[in-house]
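Q: What would the 3D arrangement of this be:
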Amino acid sequence: MAITLTDKAAERVRKFIAQRGKGLGLRLGVRTSGCSGLAYTLEFVDELGDDDTTFDSNGVTVIVDAKSYAMLDGTVLDYAREGLNEGFKFTNPNAKETCGCGESFKV
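A: Numbers count the residues shown, from 1 in each chain. Predicted coordinates for the structure are as follows:
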């Protein structure tokens with residue numbers, strides 16, 4: 001499997017990288033946090049790490065470290081605007097539970 005970005009998410013990431021003026025791609029990761037135990041992380045990457053896996057999705061390089069990959073494999077990242085709110089949305093087939101706010105999950 002892999003990690004994919006929808007057209008809207010890829011467009012938004014390309015825009016952020018262009019505004020930033022540099023970057024190899026977008027890192028998706030997982031950290032311990034939140035009421036369900038794990039939280040998603042997003043950051044722009046300028047250098048790859050030794051344990052990174054990369055994917056190309058809609059013209060964007062997606063970077064994931066080995067530890068996070070096991071929990072994110074198959075995830076789809078979307079970008080949505082709902083009313084006054086906008087942001088990235090994760091659809092993770094590995095998540096067994098999510099918290100009410102949607103910011104954290106369990107595998």
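Q: CA only for contacts and neighbour counts going forward, please
A: Fine.
Q: which helices and strands does the helix or strand hosting residue 88 pack with?
A: Using DSSP states H and E, the element containing residue 88 is strand 85-91. For strand 85-91, the packing partners by 3 or more C-alpha pairs under 8 Å, 6 or more residues apart in numbering; DSSP states H and E come out as strand 76-82.
Q: which other residues reach the strand it packs on?
A: Residues from elsewhere that reach strand 76-82 (C-alpha atoms under 8 Å, 6 or more residues apart in numbering): 3-9, 12, 86-92.
Q: what's the most distant pair in those residues?
A: Largest separation among the contacts of strand 76-82 by C-alpha to C-alpha: 3 and 86, giving 21.0 Å.
Q: more crowded one of these two?
A: Just comparing residue 3 and residue 86: by other C-alpha atoms under 10 Å the higher neighbour count belongs to residue 3, 20 against 10.
Q: check contacts around that one.
A: Counting by C-alpha under 8 Å, 6+ apart, residue 3 touches 55, 57, 62, 72-77.
Q: If you count residues, where's the longest helix of the protein?
A: Longest helix of the chain, by residue count under DSSP state H: helix 7-20.
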